[in-house]
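Peer 1: with the input below, show me the fold.
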Amino acid sequence: MIHNFLGPFVWWGEVKRHQEIKEEILPKIDHVVKHSPEEVKVPGWNCEVYASYGKKVAFLESPDLLKEVVWDSLDACLKEAQLTRTPAESRLSGIWFNQYENGFFQEVHDHGDASFSGIYLIELNEPNATGFFHQGPDCFLQETMTTGHITEGSVIIFPSSLLHYVNPCQGKRTTISFNVNTRFT
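Peer 2: From the prediction side, this is the model:
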């Protein structure tokens, strides 16, 4: 007999009004990157990406965007996830955009200071380049997941402690990332 402990998961689902959200938000991200590229470089990151991490970006905090991209997606994720405890309360602890050009990438990292993290694939011009890596305690428990099958308009949600990265891009790629802290019952 064997008992398998629950481990990390990766969930994904589509945003219903993706095209409308993309038409509204993407030009604003493009404008920031074009006119203030040095303002969206994050000190200490060992990667090549324009990111608004740690900066307040008002258009990312619109109630409609948060509801459809963050909260509706998280609700759908939690309905499918086999959690051992029930979330009692969740709050957004950060939201930012990332924009990649040809050759840009994101190093392996986690968002360990949150409960769940998400990536909204707002613009893809090639197969998705996000990868996940789970470091088990033994070499035979290690696992890598690529996400080329997850398409533009999808949100990916995962435990914040799960290692992830973006392979070098071949074209322009824009995402909106977020962290959620959850209190469990």
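Peer 1: now do the strands in the chain.
Peer 2: 11-14, 50-51, 87-100, 106-109, 116-124, 130-134, 143-146, 154-159, 163-166, 173-184 (DSSP state E).
Peer 1: can you lay out these as a markdown table showing mean neighbour count and distance to residue 24?
Peer 2: Any C-beta I mention is one placed from the backbone N, CA and C, and that applies to glycine too. Below are those laid out as a markdown table (neighbours: other C-beta atoms under 10 Å; distance: least, C-beta to C-beta, whole Å):
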| stretch | mean neighbour count | distance to residue 24 |
| --- | --- | --- |
| strand 11-14 | 17 | 17 |
| strand 50-51 | 21 | 19 |
| strand 87-100 | 18 | 13 |
| strand 106-109 | 16 | 25 |
| strand 116-124 | 24 | 10 |
| strand 130-134 | 18 | 23 |
| strand 143-146 | 12 | 30 |
| strand 154-159 | 23 | 16 |
| strand 163-166 | 20 | 24 |
| strand 173-184 | 20 | 12 |
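Peer 1: could you tell me the least trusted of those?
Peer 2: Mean pLDDT is lowest for strand 143-146 among the strands of the chain, at a mean of 87.
Peer 1: pull that strand out as CSV, backbone CA atoms only.
Peer 2: C-alpha atoms of strand 143-146 as CSV (Å, rounded to 0.1, in the frame of the first residue of the first chain):
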residue,chain,number,x,y,z
GLU,A,143,9.4,16.9,-12.2
THR,A,144,9.4,19.5,-15.0
MET,A,145,6.3,20.8,-16.8
THR,A,146,6.3,22.8,-20.0
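Peer 1: quick one, which of the strands of the chain is nearest to residue 62?
Peer 2: Nearest to residue 62 among the strands of the chain is strand 87-100 (10.4 Å), distances taken as C-beta to C-beta.
Peer 1: summarise which helices and strands that closest one is packed against.
Peer 2: helix 18-35, strand 50-51, strand 173-184 (3 or more C-beta pairs under 8 Å, 6 or more residues apart in numbering; DSSP states H and E).
Peer 1: would you turn the ones you listed into CSV with distance to residue 84?
Peer 2: Formatted as CSV, the helices and strands packed on strand 87-100 follow (distance: least, C-beta to C-beta, whole Å):
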stretch, distance to residue 84
helix 18-35, 32
strand 50-51, 33
strand 173-184, 9
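Peer 1: ok, which of those comes nearest residue 144?
Peer 2: Going by C-beta to C-beta, the one of the helices and strands packed on strand 87-100 nearest residue 144 is strand 173-184, 19.7 Å.
Peer 1: parallel or antiparallel, list what pairs with that closest one.
Peer 2: Applying DSSP bridges, strand 173-184 is found paired with strand 87-100 (antiparallel), strand 116-124 (antiparallel).
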